[in-house]
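In: Predicted model and sequence below, questions to follow.
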Amino acid sequence: MYAISLGDGAELRPLEPWHAEDFLANLERGREFIGQFIAFGSQVVDVDSARATLQRYAQMRADDTGGYHGIWLDGKLVGGVLTLNFDAAQGNAEVGCWLEPAATGRGLITRAMRLLIDWIVEERGIHRVEWIAASGNTASLNVARRLGLTRDGVHRQAHPYRGVRHDLEVWSVLAPEWRAARARAAHNDH
């Protein structure tokens with residue numbers, strides 16, 4: 001299928017049920033890091049549960065309500081970007097991401113997310129893209145800032161996780177804002 005270069009030996013590719021072993025290995029390498037603020041992947045404990053999770057997102061892609069896209073670095077799955085709460089009729093979608101620690105600091109999520117947001121805005125006609133992260137998840141919030149999203153507000157203590165109630169920050173970008181920022185970036189590149 002597709003493989004879009006992210007530069008530096010990294011690619012964005014579909015993440016499908018047949019990648020269950022790679023997905024499990026990725027989560028095992030990053031479980032503590034990824035799980036600091038979210039339960040992402042916590043139900044993935046073996047190849048069967050990895051396949052079931054990937055199958056659920058493959059069904060979401062088929063139902064047009066979400067989907068996973070993997071980030072491979074030098075041929076190894078190291079993380080990904082995703083859509084969820086994808087509602088083409090209403091023009092709203094949420095995006096998210098995960099990355100194992102060894103792959104951080106390279107701009108992979110920022111580059112992959114630019115591609116994903118470009119696609120959902122330009123190809124799918126999404127008007128509002130949301131990014132929701134725990135206030136303590138500075139790495140995630142820094143990506144939202146780098147992408148030019150606006151902090152809409154905070155859902156105070158809305159996310160009970162590991163015995164702590166975390167604030168959730170909601171960031172967003174509207175299609176006209178995204179297009180204007182991309183046009184400015186393209187103009188500055190020339």
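Out: Arrived safely.

In: quick one: low-confidence parts of the chain?
Out: For the chain, residues meeting the criterion pLDDT under 70 lie at 1, 190.

In: Try it again at 50.
Out: Of all residues in the chain, none has pLDDT under 50.

In: all strands of it, in order?
Out: Under the criterion DSSP state E, the chain carries strands at the ranges 4-7, 10-14, 67-73, 76-87, 92-99, 128-134, 150-161, 164-174.

In: gap between the first one and the chain center?
Out: Average the C-alpha atoms of strand 4-7, do the same for its chain, and the two points are 16 Å apart (Cα atoms, centre = their mean, to the nearest Å).

In: which strands and helices sit next to that strand?
Out: Contacts defined by 3 or more Cβ pairs under 8 Å, 6 or more residues apart in numbering; DSSP states H and E place strand 4-7 against strand 10-14, helix 108-118. Every C-beta, even on glycine, is put in place using the N, C-alpha and C of the backbone.

In: Buried residues in the last one, which are they?
Out: Applying a neighbour-count criterion of 16 or more other Cβ atoms under 10 Å, one finds L108, I109, R111, A112, M113, R114, L116, I117 buried in helix 108-118.

In: And F37, how far from V154?
Out: 14 Å (Cβ to Cβ, to the nearest Å).

In: When those two are compared, which one has more neighbours?
Out: For F37 and V154, the more surrounded residue by other Cβ atoms under 10 Å is F37, and the numbers stand at 20 against 12.

In: May I see the helices and strands packed on strand 4-7 arranged in JSON lines, with distance to Y2 as well?
Out: Written out in JSON lines, the entries for the helices and strands packed on strand 4-7 read as follows (distance: least, Cβ to Cβ, whole Å):
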{"stretch": "strand 10-14", "distance to Y2": "7"}
{"stretch": "helix 108-118", "distance to Y2": "10"}
